[in-house]
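S.K.: Got a sequence here, can you model it:
(one chain, ligands or ions: 1)
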Amino acid sequence: MTSKKIAGSPADPPARRALSARELSGELQHGQSRDLLHALHLLTPAGDLNADARRKLKQINHFIGLLRPALFDVLDQSEPATVVDAGTGNGYLGLLVYELLVGPAAAGTVIGLEVNAELVAKARKRAQRLGFDRMEFVQGAVAEFTRPLTNLAVVALHACDTATDDAIALGLRQQAKVIAVVPCCQAEVARSFNAARSNEPLGPLWRHPIQRREFASHITNVIRALLLESHGYQVTVTELVGWEHSLKNELIVGRKVQRANAQARSQLHALIQQFPQLRMGLLDAVRQTT
Ligand SMILES: C[S@@+](CC[C@H](N)C(=O)[O-])C[C@H]1O[C@@H](n2cnc3c(N)ncnc32)[C@H](O)[C@@H]1O
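M.R.: Here you go, the predicted model:
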């Protein structure tokens, strides 16, 4: 992956250095306001972008850039679109999706789902202050969000552990046109290998804890992508930003193109059969709804 050189600091690794208010413009997307970045505390009171905030902004801007074509498909429909940001936290992604895409589209809604009531209260105030009147924050677990929605896109950036799966399940239940996730660290599947005997033929794959975590994380994301495909989504899996910026970096984007995909379904079935000890709540949740 190529990296962008920062003017005036050839020795600095990209996105590691703070940027002054004067240098900031090159980092902003068209239509991206300093007001929102201030409201999110990504900018200091003096308008500078510190190194951590710069990494965060880079991730989210890149995510939005990669999502833009898929979200335009939803926003271009005559029926107003809804974009659900699952595990929205401070609301970074949802607010930026609103500012850059849904707001300018003059129709459609963004809903941020977040279990932490304090974060929800702050995010609501931010949206109100910015005048984002087609944006809503709902407090509660993603899995408990049952409001029926059509012309839907579900996005999730680093939604913790199985909250990513809850976002996928929500999208599948509601036949979302787009489901896009950047998973966070995940422990659920690693636990099932933990309990398994490592002297089985495939056991060496997860004998050592670090390899167990990596293998479990990998197979979790493979299953997520294959599950989307089996439900008729065209799936791309790419790197979100360079690994030097974040270790939780796999972007899975699914666009609904057909009702179902029997070949992907049988591949998923065959894969799971290789690992009888594997336990993943998403697979159970989906079995119950299909
Ligand atoms: C690592 S933060 C990421 C926040 C935000 N998406 C971002 O990238 O800045 C994960 C957020 O998901 C929330 N969360 C975790 N599990 C959740 C669940 N099951 N339902 C709703 N929110 C959840 C946490 O409270 C936290 O705010």
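
S.K.: count of residues packed around whichever residue of the chain sits closest to the ligand?
M.R.: For the chain, the nearest residue to the ligand under the criterion CB to the nearest ligand atom is residue 89, separated by 2.6 Å. Quick note: C-beta positions are derived from backbone N, CA and C, even for glycine. Look at residue 89: counted by other CB atoms under 10 Å, it has 19 neighbours.

S.K.: Tell me the secondary structure at it.
M.R.: Three-state call for residue 89 (DSSP: H, G, I helix; E, B strand; the rest coil): coil.

S.K.: just checking, it touches residue 120?
M.R.: No: if you go by CB atoms under 8 Å, residue 89 and residue 120 don't touch, sitting 9.9 Å apart.

S.K.: where do the contact lists of those two overlap?
M.R.: Residues touching both residue 89 and residue 120 (CB atoms under 8 Å, 6 or more residues apart in numbering): residue 114.

S.K.: What strand or helix carries residue 148?
M.R.: Assigned by DSSP states H and E, residue 148 falls within no helix or strand.

S.K.: repeat for residue 168
M.R.: Using DSSP H and E, residue 168 falls in helix 163-173.

S.K.: Could you list the buried residues of the helix or strand of the chain with the lowest mean pLDDT?
M.R.: Ranked by mean pLDDT, DSSP states H and E, the weakest helix or strand in the chain is helix 281-289, scoring a mean of 84. Of all the residues in helix 281-289, those buried under the rule 16 or more other CB atoms under 10 Å are 282, 285, 286.

S.K.: What about residue 21, how many residues nearby?
M.R.: There are 13 residues near residue 21, going by other CB under 10 Å.

S.K.: To clarify, my last question referred to residue 53.
M.R.: Counted with other CB under 10 Å, residue 53 comes out at 18.

S.K.: got a list of what the nearest residue to residue 20 once chain neighbours are set aside touches?
M.R.: Leaving aside its chain neighbours, residue 20 sits nearest to residue 48 (5.2 Å; criterion: CB to CB, 6 or more residues apart in numbering). With contacts defined as CB under 8 Å, 6+ apart, residue 48 is in contact with 18, 19, 20, 21, 24.

S.K.: Recalculate using a threshold of 10 Å.
M.R.: Residues near residue 48 by CB atoms under 10 Å, 6 or more residues apart in numbering: 18, 19, 20, 21, 22, 23, 24, 54.

S.K.: List the ones among these that fall in strands.
M.R.: Among the contacts of residue 48, none falls in strands (DSSP state E).

S.K.: Helices along the stretch 151-290 of the chain, start to end?
M.R.: Along the stretch 151-290 of the chain, the stretches classed as helices by DSSP state H, counting those that start in this stretch are 163-173, 188-194, 209-230, 262-273, 281-289.

S.K.: and the angle from the third one to helix 262-273?
M.R.: Helix 209-230 and helix 262-273 meet at an angle of 150 degrees, taking axes from the mean of the first three to the mean of the last three CA atoms, to 10 degrees as the criterion.
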